[in-house]
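Colleague: coordinates for the following, if possible.
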Amino acid sequence: MNFIFVLIGIILLALLIYGVGFILKKRHFSKIDELETRKIALMDKPVIDEINKIKKLQLTGQTEKTFKDWKAAWENIATVSFPDIENYLFDAEQATDRLKLIKAQKAEDAALHIINETEESIKKIQLALKKLIESEEKNRLEIKKVQEKYQDIRKKLLTQSFSFGPALENLERRLTFLELDFSKFTELTSSGDHIEAKEVLDRVSQDTNELHRVAELVPTIYKELTVEDTDQVKEIKEGYQQLIAENYRFLDIDIPKEIAEIERAIELGMELVEKVEVDEAKEHLAQLDTKIDHLYDVMENEIDSKAFVLSQKQLVSEYLDHVIVNNRKLLIEIDRVSQSYTLNQEEAGTAGKIESELEDLKTSFELSAQAIAQDEAIYSVIAEDYEKMGDRLEEIEKKQQELNSNLLHLRKEEMDAQAKLDEFEFEMRGLKRYVEKQHLPGLPHDYLELFFATTNRIEQLAKELNKLKIDMKEITRLCFLCQDDVALIKEKTDEIVDSALLTEYMMQYANRYRHSNEGIAQAIDDTLKLFNHEFQYKEALETISTTLESAEPGAYKKVESSYFEDKEAKR
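Modeller: Numbers count the residues shown, from 1 in each chain. Purely as a prediction, here's the structure:
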């Protein structure tokens with residue numbers, strides 16, 4: 001029985017091995033068939049037909065060499081690569097049939113590698129052969145376009161030769177060189193060397209494009225040099241002579257010398273045109289135009305400046321005289337005010353400095369007027385001076401107005417200070433009466449010191465205001481100090497009176513506990529001592545209120561509210 005099971009197991013195992021082997025063989029054969037199909041497709045590529053087609057073109061030179069290289073590459077594929085692929089596929093079939101699957105896999109991989117390389121090589125060969133077939137046609141079309149551009153240039157040189165000036169000979173020589181290159185291209189094309197013909201074509205195309213560019217630029221440059229710039233130089237010469245005849249003068253520039261340099265620059269530009277160095281000529285023209293424009297600007301500026309000077313001369317003169325008169329009035333006012341007030345350094349010295357500066361401006365204006373009268377004026381310089389003078393006179397006038405305002409303000413400041421003094425004295429008398437009215441047993445020493453110090457400061461302010469020549473800066477300083485002192489003494493007065501009266505209120509309220517509470521009785525005695533003998537009202541209030549608050553919490557707030565209600569009712 002066991003034997004039968006073993007036999008069945010062996011049979012099943014054999015069937016399993018056979019089945020697996022069958023599946024693997026089928027998979028490998030399928031892959032081999034796929035590789036065989038790719039190989040056949042590569043062998044069917046019409047490369048040999050394209051090679052035979054090119055052979056008929058009778059190639060020479062570089063083109064022939066290139067063709068032979070690609071033909072050799074194809075022959076290597078046909079004689080080496082294809083047989084190698086075939087051998088590897090045959091080995092794979094044999095190994096698969098014998099179930100040598102690892103060997104079969106290696107053969108398949110080798111065949112796949114060669115097929116991939118061969119596929120890429122054939123693509124390159126076909127592309128190269130296609131270019132060789134098309135090169136003759138492509139060259140022919142391109143040379144046609146180049147020849148058309150060449151004929152356009154030639155026609156332009158023949159029909160518009162006058163517009164090229166000295167560059168004509170150089171341009172015609174370049175045309176001759178192009179004709180030689182065209183002949184060489186034709187010769188190479190006829191002999192079948194299309195690759196070298198393409199190299200010649202590229203050079204001819206580049207040279208033709210450059211010649212076309214140059215032929216477009218030369219007439220414009222030549223015209224600007226011979227017509228526009230020359231006419232402008234002539235106009236500048238005539239304009240300069242006319243301005244000199246009208247007694248114009250120029251600063252820091254020698255116009256005849258500048259004109260001569262421009263004329264030399266025009267000659268240099270013509271030399272560049274003759275050499276057909278158009279890029280250098282364009283840059284040279286830009287510099288030349290800048291120089292010409294500068295001369296125009298210089299002469300136009302002088303003409304405009306003269307018109308400006310003649311139109312503004314009277315206005316500047318009147319404005320200058322107006323500011324001078326104002327300054328003299330200001331000096332008189334400063335002298336008058338200085339007899340009653342001490343002036344600061346700016347008020348005393350600025351007007352004098354302005355007077356000196358105005359004299360310099362007057363001298364400068366008169367020299368300019370003299371130069372104009374004697375036909376020796378450089379109007380651009382005078383125009384600039386007028387503009388600066390006008391700006392400076394405007395600044396001076398504003399400063400004069402500011403100084404004058406300050407002088408006028410001194411009297412007002414004095415009146416304000418006198419009013420402040422009256423106010424301080426009134427407030428101090430009122431504070432004194434207010435304190436006396438309270439019938440206090442006395443006043444604290446520090447309060448009395450502050451009161452007398454404030455009174456002395458107010459008296460010092462009064463003395464300063466009563467001087468024959470007052471210093472408003474010092475008076476203003478004293479006013480601020482007195483203001484602070486009076487405000488402080490008012491605060492201290494209210495504090496003393498409130499503390500004293502509130503202490504009396506607290507003692508009256510505390511008397512109800514005098515016989516029943518020893519602490520309050522002692523506090524009343526201590527408070528009376530501070531109040532009647534030491535005049536320390538704030539400390540007295542603190543003593544009685546602290547003790548009363550411990551006996552009756554909230555008593556202080558109650559008494560304080562009652563006091564301030566009574567105080568408000570009495571106002």
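Colleague: any weak-confidence spans in the stretch 401-550 of the chain?
Modeller: Low-confidence regions of the stretch 401-550 of the chain, defined here as pLDDT under 70, do not occur.
Colleague: for it, what spans make up the helices?
Modeller: 445-465, 472-510, 518-529, 537-551 (DSSP state H, counting those that start in this stretch).
Colleague: could you dump those to TSV with mean neighbour count?
Modeller: Bear in mind the C-beta positions are built from the backbone N, C-alpha and C, glycine included. Conversion of the helices of the stretch 401-550 of the chain to TSV gives the following (neighbours: other C-beta atoms under 10 Å):
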stretch	mean neighbour count
helix 445-465	15
helix 472-510	17
helix 518-529	17
helix 537-551	20
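Colleague: quick one: which of those helices is nearest H409?
Modeller: For the helices of the stretch 401-550 of the chain, distance to H409 was read as C-beta to C-beta. The smallest value, 9.0 Å, belongs to helix 472-510.
Colleague: so what secondary structure elements neighbour that closest one?
Modeller: For helix 472-510, the helices and strands in contact under the criterion 3 or more C-beta pairs under 8 Å, 6 or more residues apart in numbering; DSSP states H and E are helix 379-437, helix 445-465, helix 518-529, helix 537-551, helix 555-570.
Colleague: outline the domain layout of this structure.
Modeller: As given by automatic domain parsing, the domain ranges for the chain are 2-137, 152-295, 303-409, 438-570.
Colleague: could you tell me the least trusted of the ones you listed?
Modeller: Averaging pLDDT over each of those singles out domain 2-137 as the lowest, with a mean of 61.
Colleague: tell me which of the helices of the stretch 401-550 of the chain lies nearest to R173.
Modeller: Judging the helices of the stretch 401-550 of the chain by C-beta to C-beta, what sits closest to R173 is helix 472-510, at 93.2 Å.
Colleague: tell me the angle the closest one makes with helix 537-551.
Modeller: Angle between the axes of helix 472-510 and helix 537-551 is 30 degrees (criterion: axes from the mean of the first three to the mean of the last three C-alpha atoms, to 10 degrees).
Colleague: assign S317 to helix, strand or coil.
Modeller: helix (DSSP: H, G, I helix; E, B strand; the rest coil).
Colleague: give me the number of residues near it?
Modeller: 14 (other C-beta atoms under 10 Å).
Colleague: measure it to F564 for me?
Modeller: With distances defined as C-beta to C-beta, to the nearest Å, the gap from S317 to F564 amounts to 76 Å.
Colleague: same thing with E427?
Modeller: 23 Å.
Colleague: equivalent analysis for Q401, please.
Modeller: 55 Å.
Colleague: show me the contacts for T493.
Modeller: With contact taken as C-beta atoms under 8 Å, 6 or more residues apart in numbering, T493 is in contact with L431, Y434, V435, Y447.
Colleague: does the last one touch K492 like I think?
Modeller: Yes. At 5.7 Å, Y447 and K492 qualify as touching, with contact defined as C-beta atoms under 8 Å.
Colleague: still on that earlier bit, so which of the helices and strands packed on helix 472-510 is nearest C479?
Modeller: Checking the helices and strands packed on helix 472-510 against C479 by C-beta to C-beta gives helix 379-437 as the closest, at 5.2 Å.
Colleague: could I get stretch 399-410 in PDB with only the CA atoms?
Modeller: Coordinates of the C-alpha atoms in stretch 399-410 are reproduced here as PDB (Å, rounded to 0.1, in the frame of the first residue of the first chain):
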ATOM      1  CA  LYS A 399      14.900 136.600   7.700                       C
ATOM      2  CA  GLN A 400      14.300 140.400   7.900                       C
ATOM      3  CA  GLN A 401      10.600 139.700   8.500                       C
ATOM      4  CA  GLU A 402      11.400 137.200  11.200                       C
ATOM      5  CA  LEU A 403      13.700 139.600  13.000                       C
ATOM      6  CA  ASN A 404      11.200 142.400  12.700                       C
ATOM      7  CA  SER A 405       8.500 140.200  14.100                       C
ATOM      8  CA  ASN A 406      10.700 139.300  17.000                       C
ATOM      9  CA  LEU A 407      11.300 143.000  17.800                       C
ATOM     10  CA  LEU A 408       7.600 143.700  17.700                       C
ATOM     11  CA  HIS A 409       7.000 140.700  19.900                       C
ATOM     12  CA  LEU A 410       9.300 142.000  22.600                       C
END
